[in-house]
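Engineer: what follows is a predicted structure for the sequence shown.
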Amino acid sequence: MIPAGVESLLAMAMLSELRDQLGARSDEFLVTVGEKIGDVCIMSAQGDTGYLTRWMNGIWAELGMGSVTLTTGARRLEITHRLPQLPPENVLWSDALPFIVEGVYRSWFHRMDSRGVLGRGSRSKGELKFVYSD
């Protein structure tokens with residue numbers, strides 16, 4: 001087993017090299033990585049928004065990637081994702097995390113309803129907003 005410190009160091013080095021090699025295209029690559037993570041964490045489409053919120057927050061807590069609040073609107077679902085507080089030396093991870101989170105949501109909502117669309121909303125330092133609509 002690889003020690004956690006070495007694993008973290010390897011991940012940061014690979015992420016840095018990825019950003020250097022792909023430039024702006026690395027954002028879409030990270031969304032795709034998030035989609036792969038979402039594919040592994042298969043979400044049940046059964047249940048109300050309370051159930052979905054609890055299920056998603058269980059996954060986010062396990063991954064250490066923040067938490068979510070879901071709000072229903074007219075033919076849409078508003079997703080507010082709060083990112084974890086990371087130390088300043090993790091700026092590379094802080095920049096990459098929003099794209100990975102977006103990919104996870106894309107995967108989950110595509111599985112629930114392939115006709116719907118996940119749109120990017122606002123992005124602030126500690127919070128991401130998405131809108132899922134049909």
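Structural biologist: Cool, got the structure.
Engineer: okay, buried residues for stretch 39-49 please.
Structural biologist: The neighbour-count check on stretch 39-49 (16 or more other Cβ atoms under 10 Å) flags 41, 43 as buried. Every C-beta, even on glycine, is put in place using the N, C-alpha and C of the backbone.
Engineer: identify the residues contacting it?
Structural biologist: The set of residues external to stretch 39-49 that reach it, using Cβ atoms under 8 Å, 6 or more residues apart in numbering, is 52, 55-56, 59, 70-72, 77, 104, 107-108, 111-113.
Engineer: can you do 7 Å?
Structural biologist: Counting by Cβ atoms under 7 Å, 6 or more residues apart in numbering, stretch 39-49 makes contact with 55, 59, 70, 72, 107-108, 111-112, all of which sit outside it.
Engineer: then stretch 119-131?
Structural biologist: Contact partners of stretch 119-131, identified using Cβ under 7 Å, 6+ apart, comprise 76, 78-83, 98, 101-102, 105, 118.
Engineer: please redo it, this time with the cut-off set to 6 Å
Structural biologist: By Cβ atoms under 6 Å, 6 or more residues apart in numbering, the list of residues contacting stretch 119-131 from outside reads 76, 78-83, 98, 105, 118.
Engineer: secondary structure, pLDDT and distance to residue 125 for those residues - can I get that in JSON lines?
Structural biologist: Shown next, in JSON lines, are these (DSSP: H, G, I helix; E, B strand; the rest coil; pLDDT from 0 to 100; distance: Cβ to Cβ, whole Å):
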{"residue": "76", "secondary structure": "strand", "pLDDT": "90", "distance to residue 125": "25"}
{"residue": "78", "secondary structure": "strand", "pLDDT": "94", "distance to residue 125": "19"}
{"residue": "79", "secondary structure": "strand", "pLDDT": "95", "distance to residue 125": "18"}
{"residue": "80", "secondary structure": "strand", "pLDDT": "96", "distance to residue 125": "14"}
{"residue": "81", "secondary structure": "strand", "pLDDT": "97", "distance to residue 125": "13"}
{"residue": "82", "secondary structure": "strand", "pLDDT": "96", "distance to residue 125": "11"}
{"residue": "83", "secondary structure": "coil", "pLDDT": "93", "distance to residue 125": "8"}
{"residue": "98", "secondary structure": "helix", "pLDDT": "92", "distance to residue 125": "10"}
{"residue": "105", "secondary structure": "helix", "pLDDT": "94", "distance to residue 125": "19"}
{"residue": "118", "secondary structure": "strand", "pLDDT": "91", "distance to residue 125": "21"}
